[in-house]
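Chemist: Sharing a model prediction with you, sequence too.
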Amino acid sequence: MSQVRLRDYDKSWYRPGRSKLWQIAWFVIGAPVVRCSILPSSSVRVHILRAFGAQVGSRVVIKPGVRIKYPWHLYVGDDVWLGESCWIDNLTTVRIGNDVCISQGAYLCTGNHNWSDPAFRLQTGPIELADGSWVGAKAFLSPGVVVAEGGVAAAGSVITKSIGAYEIHAGNPATFVRLRRFVTSTQPDPAPLQKHATA
């Protein structure tokens, strides 16, 4: 017989941060508008998020299909891009700096379960993306991860540990690949990453 007892699962301690009525309004009205694939304007999505408690900066691009759990736990700086169908599953705070790109299908996960607990206890941890960082397409970020300034989580990577400033991490589980560097249009392109490390 399994030692896991899901019927004993209890998250009564967890507080989403808003009333049940506010949550229902978000899930019935706000979230569908933000996800809407026929809505061409980022500005409407930004206004909806702000109306539901998100702090969103200027010149933010939000593509169709973006999913956000609780906007009142979301902090977004200036000149941020949120790609198609990225999922910010923010049971707790997600803080996004300036000039950050979150590419298509990326998943920011702030909640997990304790596998050593037979009742599968919920655990949460904030995520922070510092200025100039980049989360590649289909990347997964675990609770508690910090991507420091200019850091890169490469496409398809599984990030379980924080990424240092200007470091590129790739793979599953992700490991350090090399430092990120920038070139001008008059310089040759940097050496390409290995195939698995493409962001």
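Modeler: Yes, it's here.
Chemist: List the beta-bridge partners for the residue nearest the centre of the chain.
Modeler: For the chain, the residue sitting closest to the mean C-alpha position, by CA atoms, centre = their mean, is Leu108 at 3.2 Å. Beta-bridge partners recorded for Leu108 (DSSP bridges): Ile88, Leu141.
Chemist: If you drop the residues flanking it in sequence, what lies closest to Gly17?
Modeler: Closest residue to Gly17 apart from its sequence neighbours, by CB to CB, 6 or more residues apart in numbering: Trp72 at 5.5 Å. Heads up, the C-betas are built off the backbone N, CA and C, glycines and all.
Chemist: who's in contact with the residue nearest to the centre of the chain?
Modeler: For Leu108, the contacting residues are Cys86, Trp87, Ile88, Asp89, Asn90, Val94, Ile102, Ile127, Val135, Leu141, taking CB atoms under 8 Å, 6 or more residues apart in numbering as the criterion.
Chemist: could you redo the last one with a cut-off of 6 Å?
Modeler: Leu108 makes contacts with Ile88, Val94, Ile127, Leu141, as judged by CB atoms under 6 Å, 6 or more residues apart in numbering.
Chemist: Looking at these, which is nearest Gly77?
Modeler: Val94 (11.9 Å; CB to CB).
Chemist: Next, count neighbours for the closest residue to the closest one other than its chain neighbours.
Modeler: What sits nearest to Val94 in space, not counting adjacent residues and going by CB to CB, 6+ apart, is Ile127, at 4.9 Å. The number of residues packed near Ile127 is 25, by other CB atoms under 10 Å.
Chemist: same deal with Pro126?
Modeler: Counted with other CB under 10 Å, Pro126 comes out at 16.
Chemist: count of neighbours near the closest residue to it other than its chain neighbours?
Modeler: For Pro126, ignoring the flanking residues on the chain, the nearest one in space by CB to CB, 6+ apart is Thr93 at 4.1 Å. Counted with other CB under 10 Å, residues neighbouring Thr93 total 17.
Chemist: Contacts only, for Ser2.
Modeler: For Ser2, the contact set (CB under 6 Å, 6+ apart) is empty.
Chemist: Okay, buried residues for the longest helix seen in the chain please.
Modeler: Ordering each helix of the chain by length in residues (DSSP state H) puts helix 42-51 first. Across helix 42-51, burial judged by 16 or more other CB atoms under 10 Å covers Ser42, Arg45, Val46, Ile48, Leu49.
Chemist: ok, the first one - contacts?
Modeler: Applying CB under 6 Å, 6+ apart, we find Ser42 in contact with Val61, Ile62.
Chemist: State the distance from it to Gly156.
Modeler: Taking CB to CB, to the nearest Å as the measure, Ser42 falls 26 Å from Gly156.
Chemist: and Gly57, how many residues sit next to it?
Modeler: 15.
Chemist: who touches it in this structure?
Modeler: Taking CB under 6 Å, 6+ apart as the test, what Gly57 contacts is Val76, Gly77, Asp78.
Chemist: Now pLDDT, neighbour count and secondary structure too, for these, in TSV please.
Modeler: Formatted as TSV, the contacts of Gly57 follow (pLDDT from 0 to 100; neighbours: other CB atoms under 10 Å; DSSP: H, G, I helix; E, B strand; the rest coil):
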residue	pLDDT	neighbour count	secondary structure
Val76	98	25	strand
Gly77	98	20	coil
Asp78	98	14	coil
